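Chemist: Predicted model and sequence below, questions to follow.
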Amino acid sequence: MTHTQIQGLWLWAGVVAVALLSVLPLATGWRAIAIATVLAAVAVNWRRARRHPISPSQTRLAQAGSLPSARYREPVLLVCGDGMDDLFEISAAESPALRLSEQGCYLRVPADQSLSEMVADVLALRPQWHGQLGILFVVAPGLHTDEAALADRLGRLSDQLARVRNGGVDLPLLLVSYLEASQQAGTWFSWEAGQARALVREAGMCSSLGTWQREAASTQIQAARLQLGVRVNGVAQWFADSVIPHLVTQNRDLPGRPPTAFAVALTSAVAEQVPNNLWQRWLRSRCALITPETKATVRTEQLPLPDPLLHLLYAGSPRPRQYRVQVLGGWLLAVAGTVALLSSAWQNTLLARQVSDDLRRYWSIPVSTDQDDRARRSAALAVLGEAAARLDHYYRQGEPWSLGFGLYQGEKLRAPVLATLAGHRQPAMAHVPPGAALPVRLDSLSLFSSGSAQLKPEATKVLIEALVGIKAQPGWLIVIAGHTDATGTAEHNLRLSKARATAVHEWLRRMGDIPDSCFAVQGLGANQPLASNDTEHGRTANRRVEIRLVPEPGACVSSTSAADAQPLSHFAAFNF
């Protein structure tokens, strides 16, 4: 992957992680710490990818300016193995060498063990070449005398190729050898992966080995071609026995892979062979013939390039260079989505369990005039009121992400909770004389913010307790009056007191399922103070909402006749 792709992947991982943290049920402090940690990690790794050190081979390639432009679209082969000095003009292994032909570009790898680094460096300089790269490995049988050393070299090549694949770059491998022949120089014999018979490529034509031998212009050429066919098949058999098995050795961590194609080229001269080499020993073991010592040959031209075979390496369309980035990004999104779905399912399960337990607790308390039962029932009703307010908020504003993803179950719970609140009836207290007042004593709570008419979430418990008293006298007129202190103008105070009384009226009507005709709403401003507005204590007492129950027959439609109800007044004062 290029540095830009790595940076983009880190940014995508940060976005996915922050979105996931916003869904998980974490406390606000822990969520902030986790998000800050993720952002810091993304920033550090993004800058690190941007400042990735440039390798020496990258520097040499960039300074030499030998690479074609980024718009170059022909195959690019990284070449390593035997006979590099015969393929490239520059003999120094540490210097980059390059050969360009009409069909492709050939870039020398300084050493076999630096192949994976060279691939990364070339892609860093030319990321557009991701689908054009390939590996060309040259093996000269006449240059090796130690079979174990050759096997070790081939094993290192297999490891390098596996590391390149694990880095997200799947490069084809072309295995090449050169065979000296006084005639037919420039002819290529190739075996594609899984192919048993050789194909002959000569002068732009491709035919089978048998056809090539039969189509000779004379019996002398035909005899020479038959002899060449035996030699070529021998070289192919030696590669099948001594080379390819070391490239496909099954390593659990770095499994090998057979070459995409193997080819033998006929050339007028090859590099000087060493005595008693592996090729000579293999021939003696097969035919018991002693081959003569090969004399040194002075080369006058470079070894031919495998241009006729390049189409074998890119027969299929290569994957786009963004493929691995897209896969990793998709996996990140899939994992985060799975975690979010599991979290949503778990939180919806907890919500259903909590609300169901609250309903069972409420219905398990007997309806009686016992003071303890009344207190327990009121407490359970207050808890249900909080749940109803929460579900009603989700209904009006939409459920949060942590409960969403199509798994939200709140609507199934909201109806029974509201029905329970609407059907609540507190048994009337006995022995209350007609016209007597039964005050409901509540703690002084702040229902509104300063200058605001928006109910705070903590006001739910207070309003639930007031709703209990209202439900005890169904059919009576509910008078809600808002009061303020003398701070501010009279017009502002009247408007604010009316808005606050209306907010309490809307909550009681919605949560208690009480007809709107049962309410009377007033805004009195600072006209009816309870204490002097000269002191802070007095101003606090004057800022209030008063709820009075008036036994007015026919004022409200109720299931209980107003004529049968006891004339009982309830008075609730809310200081805020």
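Modeler: Now that the structure is in, tell me what you want to look at.
Chemist: Excluding chain neighbours, give the residue nearest to L209 in space.
Modeler: Take L209 and drop its neighbours on the chain: the residue closest to it by CB to CB, 6 or more residues apart in numbering is A198, 4.6 Å away. The way it works is simple: take the backbone N, C-alpha and C, and place the C-beta from them, glycine included.
Chemist: From T187, how far out is the one you found?
Modeler: Using CB to CB, to the nearest Å, A198 is found at 11 Å from T187.
Chemist: picking up where we left off before, for the residue nearest to L209, list the residues it contacts.
Modeler: A198 makes contact with 189-191, 208-209, 232-233, 236, according to CB atoms under 8 Å, 6 or more residues apart in numbering.
Chemist: again, only using 7 Å
Modeler: 189-191, 209, 232, 236 (CB atoms under 7 Å, 6 or more residues apart in numbering).
Chemist: burial measure for P551, as a count.
Modeler: When counting by other CB atoms under 10 Å, one arrives at 18 neighbours for P551.
Chemist: er, F262 I mean
Modeler: 26.
Chemist: That one touches W238, doesn't it?
Modeler: No - in this structure, F262 is not within contact of W238 by CB atoms under 7 Å, at 11.2 Å.
Chemist: And the pLDDT for the residue lying closest to E74 once chain neighbours are set aside?
Modeler: Of all residues not flanking E74 in the chain, G104 sits nearest, at 4.9 Å (CB to CB, 6+ apart). At G104, the predicted lDDT confidence score is 89.
Chemist: Confidence-wise, which helix or strand of this structure is lowest on average?
Modeler: strand 571-575 (a mean of 46; mean pLDDT, DSSP states H and E).
Chemist: circling back to that earlier point, please name the residues that touch the residue nearest to E74.
Modeler: 74-77, 307, 310.
Chemist: show me what contacts L115?
Modeler: With CB under 7 Å, 6+ apart, L115 has these contacts: 78, 80, 109, 160.
Chemist: ok, and the most crowded of those?
Modeler: Busiest of the contacts of L115 [other CB under 10 Å] is V109, holding 27 neighbours.
Chemist: Tell me the spatial nearest neighbour of that one, not counting adjacent residues.
Modeler: Per CB to CB, 6+ apart, closest to V109 is C80, 4.1 Å.
Chemist: Please identify the pairing partners of the helix or strand hosting that neighbour and their relative orientation?
Modeler: In the assignment (DSSP states H and E), C80 maps to strand 76-81. Strand pairing for strand 76-81, using DSSP bridges, gives strand 105-108 (parallel), strand 133-138 (parallel).
Chemist: just checking, next helix/strand downstream of it?
Modeler: Scanning onward from strand 76-81 (DSSP H and E), the first element met is helix 84-87.
Chemist: Tell me how far that next one lies from the chain's centre.
Modeler: Taking CA atoms, centre = their mean, to the nearest Å, one finds helix 84-87 lying 47 Å from the centre of the chain it belongs to.
Chemist: Could you tell me which residues make contact with R225?
Modeler: 212-213, 216.
Chemist: same thing but at 6 Å, please
Modeler: Applying CB atoms under 6 Å, 6 or more residues apart in numbering, one finds that R225 lies in contact with 213, 216.
Chemist: For the helix or strand harbouring it, list every residue counted as buried.
Modeler: Using DSSP H and E, R225 falls within helix 219-242. Across helix 219-242, burial judged by 16 or more other CB atoms under 10 Å covers 224-225, 228-229, 231-232, 234-236, 238-239, 242.
Chemist: what element comes up after it heading to the C-terminus?
Modeler: Heading C-terminal from helix 219-242 (DSSP H and E), you reach helix 244-247.
Chemist: Give me the contacts around that next one.
Modeler: Under the contact criterion CB under 6 Å, 6+ apart, helix 244-247 has outside partners 151, 154-155, 158, 256.
Chemist: okay, those in JSON lines with secondary structure, pLDDT and neighbour count next?
Modeler: Formatted as JSON lines, these follow (DSSP: H, G, I helix; E, B strand; the rest coil; pLDDT from 0 to 100; neighbours: other CB atoms under 10 Å):
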{"residue": "A151", "secondary structure": "helix", "pLDDT": "89", "neighbour count": "15"}
{"residue": "L154", "secondary structure": "helix", "pLDDT": "89", "neighbour count": "22"}
{"residue": "G155", "secondary structure": "helix", "pLDDT": "87", "neighbour count": "16"}
{"residue": "S158", "secondary structure": "helix", "pLDDT": "87", "neighbour count": "20"}
{"residue": "G256", "secondary structure": "coil", "pLDDT": "62", "neighbour count": "20"}
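Chemist: Please convert those residues to TSV, extending it with distance to E117.
Modeler: Formatted as TSV, the contacts of helix 244-247 follow (distance: CB to CB, whole Å):
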residue	distance to E117
A151	23
L154	19
G155	18
S158	16
G256	19
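Chemist: if we take those, which one ends up nearest to L341?
Modeler: Top of the list for closeness to L341, among the contacts of helix 244-247 and by CB to CB, is G256 at 40.2 Å.
Chemist: and the gap between the residue at minimal distance from the centre of the chain and E491?
Modeler: In the chain, the residue lying closest to the centroid (CA atoms, centre = their mean) is L332, at 2.0 Å. From L332 across to E491, the span is 59 Å (CB to CB).
Chemist: got it, and R539?
Modeler: 19 Å.
Chemist: which residue ranges form the strands in the protein?
Modeler: Using DSSP state E, the strands of the chain run over 76-81, 98-100, 105-108, 133-138, 173-180, 188-192, 199-202, 205-208, 261-267, 477-483, 519-525, 544-550, 571-575.
Chemist: okay if I get those as JSON lines plus distance to S532?
Modeler: Formatted as JSON lines, these follow (distance: least, CB to CB, whole Å):
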{"stretch": "strand 76-81", "distance to S532": "93"}
{"stretch": "strand 98-100", "distance to S532": "98"}
{"stretch": "strand 105-108", "distance to S532": "95"}
{"stretch": "strand 133-138", "distance to S532": "90"}
{"stretch": "strand 173-180", "distance to S532": "97"}
{"stretch": "strand 188-192", "distance to S532": "104"}
{"stretch": "strand 199-202", "distance to S532": "111"}
{"stretch": "strand 205-208", "distance to S532": "111"}
{"stretch": "strand 261-267", "distance to S532": "103"}
{"stretch": "strand 477-483", "distance to S532": "14"}
{"stretch": "strand 519-525", "distance to S532": "16"}
{"stretch": "strand 544-550", "distance to S532": "15"}
{"stretch": "strand 571-575", "distance to S532": "15"}
